[in-house]
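> Got a sequence here, can you build the structure:
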Amino acid sequence: MLLLGFSSGLPLLLVLGTLSFWLREAGVNRSTVGHMAWVALAWGFKWLWAPLVDRLPLPGLTRWLGWRRSWLLLAQCVVAAGLTGLALHDPRNGLALTAMWAGLIAWSAATQDIALDAWRIEAVEADWQGVMAAAYQAGYRIGMIVAGAGVLWLAAWTAGAAQGYVYAAWRNAYLVMAALMMVGMFATLWMHEVARERTPEVARAAGLPAAMRWLSGTVAAPFSDFMRRYRKRALLMLALIACYRIPDVVLGVMANVFYVDLGYTKAEVAMVSKIYGVLMSLAGAALGGVLVARFGVRRILWLGVVLSSMGNLFYVWLAARGHDVHALVWVISADNLMAGIGSSAFIAWLSSLTNQAYTASQYAVLSSVMLLLPKFLAGFSGDLVNAWGYAGFFVFTAMLGLPVLALLWLVGRAERAGS
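Numbering: from 1, shown residues only. The predicted structure follows:
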C-alpha cells in the first residue's frame, strides 16, 4: 500500500503544484497558471469511466494479471508516457501541448486511483481500513514530496549556477519522475489480486439483454445502492464530501507561484519540503491513523477542518514576512502535519461509506465529488490573487472551512435522527 500510495501521489503534484512553479518561472501569468489547474478535473469526473474499470477486461492484460492489477499497470504506463511528453516540450513554445500532456497525465492518474482505491478497499476488512488509509497517505505524501521537493531539487542541481529559467533543468527533472513510476509498476506486479464479489443487481438482471445487464450492474446499481443505504442524509453527505478539501486544494494551486513571487529559489523550497515536509507529512498521516483508531473518524474529521483552516492562515503571516527561509520551514511543517491528519480521517470515512459490491464505481464517485468543486474553484485562484493580493486570498481560503464545519454538524444531526 505504501508503494502504491507513492505511485498515486507522484503525478498529482506534477500537473498541479510543481508544474505551476515551472510555468511561473517560464514567465506564464498567474491567471493562466490557475486555469491550468482545470486539467485536474479529470479526478472530478473519473466516475464516468469507473464502471469500465469495474467491468471491462483488458485484452491480454486481464488474463495475465487479473482485473485490478491490469488496469493499474496500464494507467501507470500511460502516466509515465505523459510525463515523458511533458518533459520534452518547453512551455514557452506554446501552452497547448503542455496542457494536452498534463491532461493525459491527469486522466491516466485518475484511472490508476480508481483501480487502486478499489483494490485497497477489497483487500482488507473494514477494521483495517484506517491502517490502510494511513499507509496509503504515507506513500501518497512521500510521492507528493518527491514530485514537489524532488523535482525542484533536481531542476536546481541540473541548472547549476545558471540564473533564471533553464528549460533543460526542468526537462531532466520530469524525465526522472517518469522513471519513478516504475515503483508503482513493481508494486502492481508484486501484489496479489483480490477475489471480487458478484453484485446482487447483476444477478437479478441476468435475464436482461447484455447491454442492459451491464448498465444495471455497473452504472445504475452503484448510485442507487448509495442513495438507498443512506436515504435522506445521502445528499448532505455528498455535499460534505464535495466541500471538505476546498480550503487546502484552492490554496495549493497558488502555493508554488507564491514562493516564486516572494523570491524563494527552487533549492530553498526543495530543501525545506524535502526535510521538514517529508517528516511532518509522515507524522501527520501516522498520527491521523492513530487518532482515528482512538477517537473515531467523526471527531478527527472535525479536527481536520479546523487544522486545515489554521494552516492557511499561516501563509498570511508568511506573506507579511517576505523572503524568510526560517518562516517557510515553520509554515510548510505545520501545513503538512495538519493536512496529513485530516486526510487520513477523510479517506477512512470515505472507505467506510463504500459497498464492496461496487467498490471501484462507488469510491470513484465519492472521491470525484471530493475533488470536483475544489479543483473547479482552484482554477480561479490566480484571478483571486490578482484581485485581492496574497494575504486576502489566504484569508479567503481559511474562511472556506466554515461551511464545511456547518455540513459536518448537519450530517451528524441527520445520523443521530436516523434519517
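
> lowest average confidence, helix or strand, in the chain?
Using mean pLDDT, DSSP states H and E, helix 200-204 stands out as the lowest-scoring helix or strand of the chain, at a mean of 45.

> Around the spatially closest residue to Y276 that is not a sequence neighbour, count how many other residues there are.
Distances taken as C-beta to C-beta, 6 or more residues apart in numbering put S333 closest to Y276, at 4.5 Å, once the chain neighbours are dropped. Quick note: C-beta positions are derived from backbone N, CA and C, even for glycine. With neighbours defined by other C-beta atoms under 10 Å, the count for S333 comes to 21.

> What's the separation between S333 and R120?
According to C-beta to C-beta, to the nearest Å, S333 stands 28 Å off from R120.

> repeat for V269
Distance from V269 to R120, by C-beta to C-beta: 31 Å.

> residues in contact with V183?
The neighbours of V183, taking C-beta atoms under 8 Å, 6 or more residues apart in numbering as the test, are L3, F6, S7.

> so can I have JSON lines of these showing secondary structure?
Listed next are the contacts of V183 as JSON lines, based on DSSP: H, G, I helix; E, B strand; the rest coil:
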{"residue": "L3", "secondary structure": "helix"}
{"residue": "F6", "secondary structure": "helix"}
{"residue": "S7", "secondary structure": "helix"}
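
> For the one helix or strand D335 maps to, which residues meet the burial criterion?
Taking DSSP states H and E as the criterion, D335 maps to helix 325-352. Using 16 or more other C-beta atoms under 10 Å as the test for burial, helix 325-352 gives 327-351.

> Next: stretch 47-54.
Applying 16+ other C-beta under 10 Å to stretch 47-54 flags W47, W49, A50, P51, L52, V53, D54 as buried.

> Please identify which of these is nearest to L405.
Distances from L405 to those, taken as C-beta to C-beta, are shortest for W47 (26.4 Å).

> okay but the closest one is in contact with V365, surely?
Yes: in this structure W47 lies within contact range of V365 using C-beta atoms under 8 Å: 4.2 Å.

> quick one: which of the buried residues of stretch 47-54 sit in strands?
Applying DSSP state E to the buried residues of stretch 47-54, no entry is found in strands.

> which one among the residues you listed gets closest to A320?
Of those, the one sitting nearest to A320 (C-beta to C-beta) turns out to be W47, at 41.5 Å.

> Distance-wise, check that closest one relative to M370.
The value you get for W47 to M370, if C-beta to C-beta is used, is 11 Å.

> Common neighbours of the two, please.
With C-beta under 8 Å, 6+ apart, W47 and M370 have no common neighbours.

> is it possible to export the contacts of V183 to JSON lines including pLDDT, neighbour count and distance to A80?
Formatted as JSON lines, the contacts of V183 follow (pLDDT from 0 to 100; neighbours: other C-beta atoms under 10 Å; distance: C-beta to C-beta, whole Å):
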{"residue": "L3", "pLDDT": "93", "neighbour count": "19", "distance to A80": "15"}
{"residue": "F6", "pLDDT": "93", "neighbour count": "25", "distance to A80": "14"}
{"residue": "S7", "pLDDT": "94", "neighbour count": "28", "distance to A80": "10"}
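
> ok, which stretches of the stretch 101-250 of the chain are strands?
With strands called from DSSP state E, counting those that start in this stretch, the stretch 101-250 of the chain shows none.

> List the contacts of the closest residue to A398 other than its chain neighbours.
Nearest residue to A398 in three dimensions, chain neighbours excluded: N312, at 4.1 Å (C-beta to C-beta, 6+ apart). Neighbour list for N312: P247, D248, L251, F394, V395, T397, A398, G401 [criterion: C-beta under 8 Å, 6+ apart].

> Which of the residues you listed sits closest to R141?
Using C-beta to C-beta, these come closest to R141 at D248, 12.9 Å.

> Quick check: the gap between the closest one and F396.
For D248, the distance to F396 (C-beta to C-beta) stands at 13 Å.

> The two: who's more crowded?
The neighbour comparison of D248 against F396 (other C-beta under 10 Å) goes to D248, with 24 against 16.

> pLDDT value on that one, please?
According to the prediction, D248 has pLDDT 88.

> For it, which non-adjacent residue is closest in space?
D248's closest residue in space is S308 (C-beta to C-beta, 6+ apart), at 5.1 Å.

> quick check: angle from the strand or helix carrying the one you found to helix 325-352?
Applying DSSP H and E as the criterion places S308 in helix 297-321. Using axes from the mean of the first three to the mean of the last three C-alpha atoms, to 10 degrees, the inter-axis angle of helix 297-321 relative to helix 325-352 is 160 degrees.

> tell me the mean pLDDT over helix 297-321?
Mean predicted lDDT for helix 297-321 stands at 92.

> buried ones in that helix?
Quick answer for helix 297-321 (16+ other C-beta under 10 Å): 297, 300-305, 307-309, 311-312, 314-316, 318-319.

> likewise stretch 22-30?
W22, L23, R24, E25, A26, V28, R30.

> who touches the last one in this structure?
In this case it means R30. For R30, the contact set (C-beta under 8 Å, 6+ apart) comprises R24, M254, V257, G382, D383, V385, N386.

> and the gap between it and G382?
Applying C-beta to C-beta to R30 and G382 gives a distance of 4 Å.
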